[in-house]
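Trainee: Just the structure for this:
(4 chains)
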There are 4 protein chains.
Amino acid sequence: MPCQVRTDLALEARESAEEASGDLRGVSVDEYDLEESDIHVTKVVIESANGATALGKPVGTYITLEAPAMTEPDEDYHKEISEEIARQLWALLPDMTKEQSILVVGLGNRDVTADSLGPRVTDNLLITRQVMKEFGAAAYDREKMHLVSAVVPGVMAATGMETAEIIRGVTSQTKPDAVVVIDALAARSTRRLNRTIQITNTGIHPGSGVGNHRSAITAQSIDVPTVIAIGIPTVVDAQTIVNDAIGRWHGGEQTGDVETPELIPELANFYVTGKDVDEIVKRLSYTISEGLNRTFERFSAEA
Amino acid sequence: MPCQVRTDLALEARESAEEASGDLRGVSVDEYDLEESDIHVTKVVIESANGATALGKPVGTYITLEAPAMTEPDEDYHKEISEEIARQLWALLPDMTKEQSILVVGLGNRDVTADSLGPRVTDNLLITRQVMKEFGAAAYDREKMHLVSAVVPGVMAATGMETAEIIRGVTSQTKPDAVVVIDALAARSTRRLNRTIQITNTGIHPGSGVGNHRSAITAQSIDVPTVIAIGIPTVVDAQTIVNDAIGRWHGGEQTGDVETPELIPELANFYVTGKDVDEIVKRLSYTISEGLNRTFERFSAEA
Amino acid sequence: MPCQVRTDLALEARESAEEASGDLRGVSVDEYDLEESDIHVTKVVIESANGATALGKPVGTYITLEAPAMTEPDEDYHKEISEEIARQLWALLPDMTKEQSILVVGLGNRDVTADSLGPRVTDNLLITRQVMKEFGAAAYDREKMHLVSAVVPGVMAATGMETAEIIRGVTSQTKPDAVVVIDALAARSTRRLNRTIQITNTGIHPGSGVGNHRSAITAQSIDVPTVIAIGIPTVVDAQTIVNDAIGRWHGGEQTGDVETPELIPELANFYVTGKDVDEIVKRLSYTISEGLNRTFERFSAEA
Amino acid sequence: MPCQVRTDLALEARESAEEASGDLRGVSVDEYDLEESDIHVTKVVIESANGATALGKPVGTYITLEAPAMTEPDEDYHKEISEEIARQLWALLPDMTKEQSILVVGLGNRDVTADSLGPRVTDNLLITRQVMKEFGAAAYDREKMHLVSAVVPGVMAATGMETAEIIRGVTSQTKPDAVVVIDALAARSTRRLNRTIQITNTGIHPGSGVGNHRSAITAQSIDVPTVIAIGIPTVVDAQTIVNDAIGRWHGGEQTGDVETPELIPELANFYVTGKDVDEIVKRLSYTISEGLNRTFERFSAEA
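Mentor: Purely as a prediction, here's the structure:
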């Protein structure tokens, strides 16, 4: 039985699927802790259609960084997280020892705190495409930079357009080698909120994100060879919280098979978020920006 | 038995108390619909210590405007709401046919969408105190204005000070005749979110508001004769949602006597809010601003 | 001799050209005051290459609304301006008695007050394209709406892309019938700042706007049949202020033929703006939004 | 003759005074470059009434850090500037080896880019007063912290109150040992814009700052023993630019004795600012925040 509860995290989808059926053929999992830091890395690879059905997610690689202290204002710790983001991106992006053109897309709504992760990440990015195009690599006296551009497409209520339409338009003009999409995610459990970063090479799919995009943002849909999505869960669906509570109330663990969607139908338009979401999103958006800046400036260092 | 569930709305506290015990001595209620509009007015007066204990709210007057279409972008409708706010304030404020000095306080956190109602209301206020003090009433060629000032004190995490300390400081210097405090509230039920405006002459009490103030903002605590609070519920405590769901699951209505606080203790730091909270807060803050502007400019019109 | 001083206003370019040479063949001018209001309308039509050279602006129609009280917070007055904007747009846009798809582009930088006019106008637009596409005209129970969409492309320093690239990308996907571009302009004289609205069917040209776009946004460059630009001057180039002052110091009027560009070369990176630019831009962006909303909802009313 | 041209920088006032009369009795000046960095420090001490009259500034100490690369995004360089700010503040503040309570005041208008320095500095401050008051020094496991609080009073047009009234109110309640006021300043020359930090123990005086406060913020006016002001010039008065230009046009240097105030009287309401003021203010506000955070956390380190 495919997982019933909405989550954007492959990690949680795997847990639910395992509880529900135990059939995890076509899903491989690798876990490890980073030495000398408190970061737990899980790599879920969905290898087949069976795995995709079991987890309700497309075939691809899902890397999760979990760090319990991610919500704390510890600069050194966030630097370690940024470095790990860069390491993981370096592996998923096209050959970074050669000059690449990369478009970063900040999804979400700047005016809704829990949904502002994407736009905020772009605020701190080092944008280089316009300089590289005008002056070439000579513009930067240190090592060579990649061509980094960024766009904040806005939400459909404000634009009247599908986010995918806008991105496809931009990529059709600027032909980047890769797109990195940043979005706030929905988790299944409050325990993972703001403590987890998911990096995947499958892009964004309908129903993902705090804002619930209707159309996919994938290599195919926007016609770009590589589409990476980076997300942090900042909300839980209100219905999910209730499901969990009723599951526990009935003596069980979070089983995922309690069906209560008819109980409070109006909950569909609500979500649960933390009281300190503003501080968290401000800090984590900076951590991701630094991870991206580090990724894009590492040109000759690894060449 | 006093009401168990956190709500800033006297209306909801009365419903809970009625269900729980039926003892509502010391609480009077008056309800009516405004002619030619869809606004339902409820006036709860807590008249005695017994009533205050039953509802878990201080003695005073609590006026609630309920308007199902309050979330819709209908300008004429919002104008009617603004007019009703002005009528109610006119009655609660000191004699508005004489010149009064009134300080509006925008509580909450501008960076958290659901908590930004107070700061946003002050953005659209017509501020007149500085002009009246410099040029006197001659400054305004139409009717005479009251002396309106405003302050956005910020939240304790950003200031290091209790909000009440800052307000008391400001009132000690400027000696207003009345203070009007605006704040985003927590409701018990999602059904009342963004559809209800509460106006009370009891000020703000610890535990009120989205941000949970620690000290009271009342006539006594800030040493001003009249303190009016205007609030709109924009969030529901996450624990409350779960309580309601379990109550319904057990076949009952929202009874308030199901005790589940141990189920998901981490929910204490989370709240539930609507997906369109940004649009709602933007619109309702404007409606309240207009209500206040209308109140303060009605000087000679009613004299 | 073509005009030397930078201005985005055809009105000012015409004045300079007249002073400089008097040769205004190929330029027609029509002026009138609106009845019962204080709005002065000037329509400059550049009809030929000679006119274009004389004024340093492309062939096309430039309508200017001047209203000395535009900086005042008078709601009724702003309503009149909005109505006049709608009347003028109605004439320049494609046949508005038939359903049209229109993309509004908010140029400029939201983080720079004097350059935030475009993004702010989009904040108050009634966006309908997504609703019309999903539900059709039945979505609106009043009169039929046009399909309105909007985009805020951001500035090159933040995106790494030419604004024109982004817009061309969006229009290539959504194929609007017309594009309306909003931008903050540079005037030649502080006397016209914030008191003038220019509407033109020639689009945006390199060097226009507060932010100095490098590539044109025209019917040709973004491949859309109709491109209207609406602008309000919010800044004056610092060098222009100095030129004017020296011109006056020498006993003359603003002659435009005093050449002083070498005096303070570093002024090239500075501009002059009003101390109350935040209030002004907030108010005028709302006035333009209302003008646009009025234009797009007038569907069957005129049919 | 006292200096005629408006500048908030004692450095510039001294230059003007020297040119005008050469009488600089009562003013001592000490200049030096920081080793291994590109920061030039000037310490102007106005020691007597004669000096105060000559420079048009009150008696006190004015320290200026000039750093030509201050506008560049070089993190290491900004760290050096932050460290120098901390060193200078350490000397001007009350005995920092003992626990002190310090209120930081962010003057200015967050909605006007060039005037947003003060509010932005408070955004990145580590606020500790509320934690220290609740848990005491045990709250911080590293070294002991001072009690840091912050307030953003807003501008008179938005509050109806003098900034000094609000601050005096806050200090009357919280009794800090010292107040540090942050404000955007007006310089005389565009050459010093965004490249200069002034630190003074004389507070803020009428006419200072981008927003032109009407009443002073000094030890006396707000009844706090120590009032330090930190400012960065982000604007030049439009009239000043013109004066300079005419001065140069006449073959001279910036003499300050050309009188042209009647030429363009409307310039009084305008100022000159840089096109990249948003990036600059964002970066420099962070540099000052870091300087302050460093100052306040150095408790036991120096004890």
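
Trainee: For the nearest residue to A:R120 once chain neighbours are set aside, list the residues it contacts.
Mentor: In this structure, A:R120 finds its nearest non-sequential neighbour in A:S285, 3.6 Å apart by CB to CB, 6 or more residues apart in numbering or on different chains. Just so you know, the C-beta spots here come from the backbone N, C-alpha and C atoms, and that holds for glycine as well. Taking CB atoms under 8 Å, 6 or more residues apart in numbering or on different chains as the criterion, A:S285 is in contact with A:S116, A:L117, A:R120, A:V121, A:D123, A:N124.

Trainee: Most widely separated two among the residues you listed?
Mentor: A:S116 and A:N124 (12.9 Å; CB to CB).

Trainee: In the contacts of A:S285, which residue is surrounded by the most others?
Mentor: A:V121 (31 neighbours; other CB atoms under 10 Å in any protein chain shown).

Trainee: Quick check: it touching A:E290?
Mentor: No - contact between A:V121 and A:E290 fails when scored by CB atoms under 8 Å: they sit 9.8 Å apart.

Trainee: picking that back up, Provide the secondary structure category for the residue nearest to A:R120.
Mentor: Counting by DSSP: H, G, I helix; E, B strand; the rest coil, the backbone at A:S285 sits in helix.

Trainee: give the contact list for A:T174.
Mentor: Here A:T174 is in contact with A:S101, A:L103, A:R129, A:S149, C:M161, C:E165, C:G169 (CB under 8 Å, 6+ apart).

Trainee: Which of those fall within strands?
Mentor: Judged by DSSP state E, the contacts of A:T174 include A:S101, A:L103, A:S149 as members of strands.

Trainee: So A:V104 sits against A:L292, correct?
Mentor: Yes - look at A:V104 against A:L292 with CB under 8 Å: they come within range, at 6.4 Å.

Trainee: So for the two, which residues contact both of them?
Mentor: Counting by CB under 8 Å, 6+ apart, the common neighbours of A:V104 and A:L292 are A:V121, A:L125, A:V148, A:V180.

Trainee: Among those, which one has the most neighbours?
Mentor: For the shared contacts of A:V104 and A:L292, neighbours tallied by other CB under 10 Å; top is A:V121, 31 neighbours.

Trainee: pLDDT value on A:D223, please?
Mentor: A:D223 is assigned 95 on the pLDDT scale.

Trainee: need the contact list for it.
Mentor: If you count contacts by CB under 8 Å, 6+ apart, A:D223 has them with A:R168, A:T171, A:S172.

Trainee: give me the element the spatially most central residue of chain A is part of.
Mentor: For chain A, A:G231 is the residue whose C-alpha lies nearest the centre (CA atoms, centre = their mean; 1.9 Å). A:G231 belongs to strand A:226-237 when assigned by DSSP states H and E.

Trainee: what does the model give the nearest residue to A:Q100 once chain neighbours are set aside for pLDDT?
Mentor: Spatial nearest neighbour of A:Q100, chain neighbours left out: A:D177 (4.5 Å); criterion: CB to CB, 6+ apart. With respect to pLDDT, A:D177 has a value of 97.

Trainee: what about A:D177, how many neighbours?
Mentor: Counted with other CB under 10 Å, A:D177 comes out at 18.

Trainee: Go ahead and confirm it touches A:M96.
Mentor: No - counting by CB under 8 Å, A:D177 does not reach A:M96; the two are 10.0 Å apart.

Trainee: any chance you could map the strands in chain A?
Mentor: Using DSSP E, strands in chain A cover A:27-33, A:40-46, A:60-66, A:101-106, A:147-151, A:178-187, A:196-200, A:226-237, A:270-274.

Trainee: angle of the second one against strand A:27-33?
Mentor: So the one you mean is strand A:40-46. 170 degrees (axes from the mean of the first three to the mean of the last three CA atoms, to 10 degrees).

Trainee: Get me the contact residues on chain A for chain B.
Mentor: Applying CB under 8 Å from any CB of the partner chain, one finds that chain A approaches chain B through A:109, A:111-114, A:157, A:190-191, A:193, A:210-212, A:236, A:238, A:241-242, A:244-246, A:248-249, A:260, A:263-264, A:266-267, A:269-279, A:282.

Trainee: Please list which of those also come close to chain C.
Mentor: Among those, chain C is touched by A:A157 when using CB under 8 Å from any CB.

Trainee: Is there a quick ChimeraX command that grabs whichever of the residues of chain A next to chain B are buried?
Mentor: Buried residues among the residues of chain A next to chain B (16 or more other CB atoms under 10 Å in any protein chain shown), as a ChimeraX selection:
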select /A:109,111,112,113,114,190,193,210,211,236,238,241,242,244,245,246,248,249,260,263,264,267,270,271,272,273,274,275,277,278,279,282
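
Trainee: Which ones among the residues of chain A next to chain B lie within helices?
Mentor: Judged by DSSP state H, helices contain the following of those: A:157, A:238, A:241-242, A:244-246, A:248-249, A:277-279, A:282.

Trainee: ok, so of these, who is nearest B:S82?
Mentor: Closest approach between these and B:S82, by CB to CB: A:A157, at 24.5 Å.

Trainee: my guess is the closest one contacts C:Q130, does it?
Mentor: Yes - between A:A157 and C:Q130 there is a contact under CB under 8 Å: 7.5 Å.

Trainee: Quick one: name the residues of chain A near chain C.
Mentor: Near chain C, when you scan chain A using CB under 8 Å from any CB, you find A:122, A:127-130, A:147-154, A:156-162, A:165-166, A:168-174.

Trainee: Can you point out the buried residues in stretch A:189-206?
Mentor: A:189-190, A:192-205.

Trainee: From the residues you listed, pick the one nearest A:S48.
Mentor: Nearest to A:S48 among the buried residues of stretch A:189-206, with distances taken as CB to CB, is A:T202, at 14.0 Å.

Trainee: Tell me how far the residue of the stretch 101-250 of chain A found nearest chain D lies from A:V148.
Mentor: Nearest to chain D in the stretch 101-250 of chain A, going by CB to the nearest CB, is A:L126, at a distance of 8.2 Å. Relative to A:V148, A:L126 is positioned 7 Å away (CB to CB, to the nearest Å).

Trainee: where do the contact lists of these two overlap?
Mentor: A:F296.

Trainee: With adjacent residues omitted, what lies nearest to A:E279?
Mentor: Closest to A:E279 by CB to CB, 6+ apart is B:A157, at 7.4 Å.

Trainee: Pull the contacting residues for the closest residue to chain B within the stretch 51-200 of chain A.
Mentor: Proximity of the stretch 51-200 of chain A to chain B (CB to the nearest CB) peaks at A:D111, 4.3 Å away. Applying CB under 8 Å, 6+ apart, we find A:D111 in contact with B:T113, B:D278, B:K282.

Trainee: one more time with 10 Å, if that's ok
Mentor: A:P119, A:V155, A:A158, B:T113, B:S116, B:V277, B:D278, B:E279, B:V281, B:K282, C:D123 (CB atoms under 10 Å, 6 or more residues apart in numbering or on different chains).

Trainee: try A:T171
Mentor: Neighbours of A:T171 in contact, by CB under 10 Å, 6+ apart: A:L103, A:V105, A:V151, A:V179, A:I222, A:D223, A:V224, A:V227, C:G169.

Trainee: same thing but at 8 Å, please
Mentor: A:L103, A:V179, A:I222, A:D223, A:V224, C:G169.

Trainee: residues near the residue nearest to A:E165 when sequence neighbours are not counted, how many?
Mentor: With sequence-adjacent residues excluded and distances taken as CB to CB, 6+ apart, A:E165 is closest to C:Q173, at 4.7 Å. C:Q173 has 18 neighbours, counted by other CB under 10 Å.

Trainee: hang on, the earlier thing: could you save the shared contacts of A:V104 and A:L292 as CSV and add columns showing distance to A:W90?
Mentor: Supplementary listing: these in CSV, determined by distance: CB to CB, whole Å:
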residue, distance to A:W90
A:V121, 18
A:L125, 17
A:V148, 14
A:V180, 12
